[in-house]
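Q: Sequence and predicted structure, then a few things I'm wondering about:
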Amino acid sequence: MGKQEHDGGCLCGGVRYRATGALRDVIACHCGQCRRITGHYGAFSACPREDLHLVSAETLAWYESSPGIRRGFCSRCGATLFWDNPKRNFISLAAGSLDQPSGVKLVAHIFVADAADYYTIDDDLPHYRGTMA
């Protein structure tokens with residue numbers, strides 16, 4: 001059996017990527033930055049940095065949202081695609097940008113203390129006021 005492959009990309013098709021190997025299950029981030037950049041909360045999977053391959057990056061742009069932290073998005077359609085801390089050995093992939101079926105599932109919520117007031121987190125998954133670490 002060959003290595004797993006997971007394709008994804010933005011709404012307009014300007015950015016397409018392939019992640020080879022297993023993906024981390026999805027973590028929902030309710031921090032203020034994720035809320036503002038996605039319009040809701042951020043839902044991110046992840047893969048080892050060396051397993052991410054950009055198939056097309058014509059419209060990929062990066063925004064440094066915090067010192068040393070960058071977020072990848074499509075400069076044409078605005079789709080959120082990546083969260084990246086270059087000091088870590090993985091890169092986070094916006095779960096909604098993965099082609100279906102993705103094979104991942106939501107497993108936890110982080111930064112729930114920063115969740116917006118217009119929704120409630122009412123599932124039985126682990127909830128962390130800050131990060132999981």
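A: Looks like it arrived, so ask away. Residues are numbered from 1 along each chain as shown.
Q: can you pull the pLDDT of residue 131?
A: Here, the pLDDT recorded for residue 131 equals 81.
Q: Isn't it up against residue 112?
A: No. The criterion here is CB atoms under 8 Å, and residue 131 misses it with residue 112 at 10.9 Å. C-beta coordinates here come from the backbone N, C-alpha and C atoms, glycine included.
Q: So which of these two has more stuff around it?
A: When residue 131 and residue 112 are compared for neighbours, residue 112 comes out ahead with 18 against 10, by other CB atoms under 10 Å.
Q: Show the contacting residues for that one.
A: Neighbouring residues of residue 112 by CB atoms under 8 Å, 6 or more residues apart in numbering: 30, 121, 127, 128, 129.
Q: what about 10 Å?
A: Residues counted as contacts of residue 112 (CB atoms under 10 Å, 6 or more residues apart in numbering) are 28, 29, 30, 31, 41, 121, 126, 127, 128, 129, 130.
Q: swap in residue 48?
A: 19, 20, 21, 22, 23, 24, 88, 89, 90, 91.
Q: which sections of this protein are below the confidence cut-off?
A: Counting by pLDDT under 70, the chain shows low-confidence ranges at 1-2, 133.
Q: ok, the contacts of residue 112 vs residue 49, which is closest?
A: Among the contacts of residue 112, residue 29 lies closest to residue 49 (CB to CB), at 19.1 Å.
Q: correct me, but the closest one touches residue 42?
A: Yes. Applying CB atoms under 10 Å, one finds residue 29 in contact with residue 42, separated by 4.2 Å.
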